[in-house]
Every structure is written in structure tokens, then in C-alpha cells.
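1. Quick one: sequence plus predicted model below, questions after.
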Amino acid sequence: MARLTVMSRWTVAYHHGDLPAALLAAVRSAVAECGVSGVSLRDVARRAGVSHSAPAHHFRSKAGLLAAFAAAGYQLLAGSVIAEVAAADASDGAAQVAAVGRGYVRFAVSHPEHFEVMFRLDALDQENEDFIRASDAAYSLLTATIERCRLDGRLHGRSPEVVAVSAWSIVHGLSALWISGRLSERITEQDPQRLAAAVSALFVEAVLPPPDITG
């Protein structure tokens with residue numbers, strides 16, 4: 001039977017054979033309580049209920065550990081976006097862009113610790129292959145939808161790169177504002193998903209209108 005460590009308020013469940021997952025769960029706990037700057041290998045080990053050397057053995061350094069946590073975040077992001085696009089049964093690229101935006105915000109609000117670490121390049125190993133692969137894969141979900149919009153004639157001569165960055169900036173900013181808690185003080189809408197849907201729809205209406213077929 002798998003061994004279970006003795007639990008305390010500092011530890012997370014650790015089943016023998018899944019130590020990396022236990023350490024990443026401990027990172028989430030540490031970020032939630034202390035922020036990215038407060039994460040240390042020693043504290044993560046204590047939270048996971050393992051030896052102090054365990055995090056460095058598996059991830060080499062704090063930067064490597066945070067890169068692995070960020071890579072997991074990008075995988076969660078991709079899953080959220082894919083699920084939202086599938087649920088929307090979007091018939092065209094513009095509808096897919098709106099779904100990508102909703103999926104982005106849903107991920108960020110549900111996983112604020114991952115969201116915080118993913119963009120702290122100063123704190124993580126930017127050369128980590130898993131991190132690079134996961135972040136590129138997540139971004140490609142957006143760029144693929146923008147390319148479909150271009151093929152549908154909905155960019156109206158705009159640069160696909162600029163449109164993609166604009167779409168990303170809007171939902172990223174919305175996510176960060178919501179997580180900060182300041183946005184709820186200034187708007188009547190108190191459901192982040194309804195707000196994300198409205199903002200994404202506005203972007204599509206303003207930037208990706210149907211092609212003019214009359215001319």
C-alpha cells in the first residue's frame with residue numbers, strides 16, 4: 001500500500017511514487033500564502049512533508065521548480081481554452097476567439113497561483129523545455145484562431161500578430177484586475193465569466209466584424 005505522510009497544516013498529501021506532483025501542489029499552497037517571492041525550496045519540502053533535499057533533487061533549483069509549476073499552468077490554460085471552444089461549438093474563427101477569451105479568464109480566476117507564476121519570468125527558469133513547450137502550445141491556440149479569422153476575411157487588413165496580442169492583452173488584463181479584487185469595487189457585474197463573455201464579444205464586434213460582401 002502506498003505510504004502516506006503524517007499531515008500538518010504545512011503539508012499536502014504525498015503518495016509514494018508521485019513526489020513531483022506533491023511538490024507542485026505544495027508550490028501552489030506556498031504561492032497562495034506567501035506570493036512568488038516568498039517561495040523557498042525548504043518551505044515547499046516542509047509543506048509536501050518530504051526531505052529538504054527533495055525539491056532540488058527533482059527540479060534542481062527554485063527557478064526550475066517554479067518553471068515546472070508554470071508549465072503545469074499553461075497546460076491547465078490550454079485545457080480550459082479547448083473545453084470552452086468545444087462547449088461553444090463555434091462555427092467560425094471569430095466565435096472561437098471569443099471562446100478562447102472566456103476560457104482564458106476561467107482558467108485565471110480558477111488558478112490564480114498558476115496565473116501569478118506563469119508570467120514571473122524573473123523568478124523561473126525561462127530555458128526550461130517543458131515551460132517553453134507548454135507556453136508555446138497554449139499561445140498557438142490563440143494564433144490558430146486568429147489565422148482562421150484571417151482566412152474568413154475578418155482581419156480587414158490588420159496584422160494577425162497585432163490582433164493576437166490585442167486579444168491576449170485584453171483578457172489577461174481583465175484576469176489580473178479581477179484577481180486583484182479592485183475591479184469588483186468599480187463595476188456592477190460580479191460574475192467574472194459573464195464579464196469575460198461581454199468583453200470578448202465586444203472585442204469580436206469591434207475588431208473582427210464580418211467581411212463586407214457588398215463591395
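-> Here it is on my side, so go on. The model shown is predicted, which means the values in this text are computed figures rather than measured ones.
2. Could you report the pLDDT at H15?
-> pLDDT for H15: 49.
3. do the same with the one 4 residues further on
-> We have a pLDDT of 91 for L19.
4. does it really touch S51, like I thought?
-> No: using C-beta atoms under 8 Å, L19 makes no contact with S51, being 10.1 Å away. The way it works is simple: take the backbone N, C-alpha and C, and place the C-beta from them, glycine included.
5. Quick one: residues contacting V163.
-> Residues near V163 by C-beta atoms under 8 Å, 6 or more residues apart in numbering: I146, C149, L155, V207, L208.
6. Tabulate the residues you listed in JSON lines, adding columns for neighbour count, distance to G93 and pLDDT.
-> Listed next are these as JSON lines, based on neighbours: other C-beta atoms under 10 Å; distance: C-beta to C-beta, whole Å; pLDDT from 0 to 100:
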{"residue": "I146", "neighbour count": "28", "distance to G93": "7", "pLDDT": "98"}
{"residue": "C149", "neighbour count": "26", "distance to G93": "4", "pLDDT": "97"}
{"residue": "L155", "neighbour count": "19", "distance to G93": "9", "pLDDT": "98"}
{"residue": "V207", "neighbour count": "19", "distance to G93": "12", "pLDDT": "97"}
{"residue": "L208", "neighbour count": "24", "distance to G93": "8", "pLDDT": "97"}
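7. Tell me which two in those residues are the farthest apart.
-> Farthest pair in the contacts of V163 (C-beta to C-beta) is I146 and V207. Separation: 10.2 Å.
8. No more questions from me, cheers.
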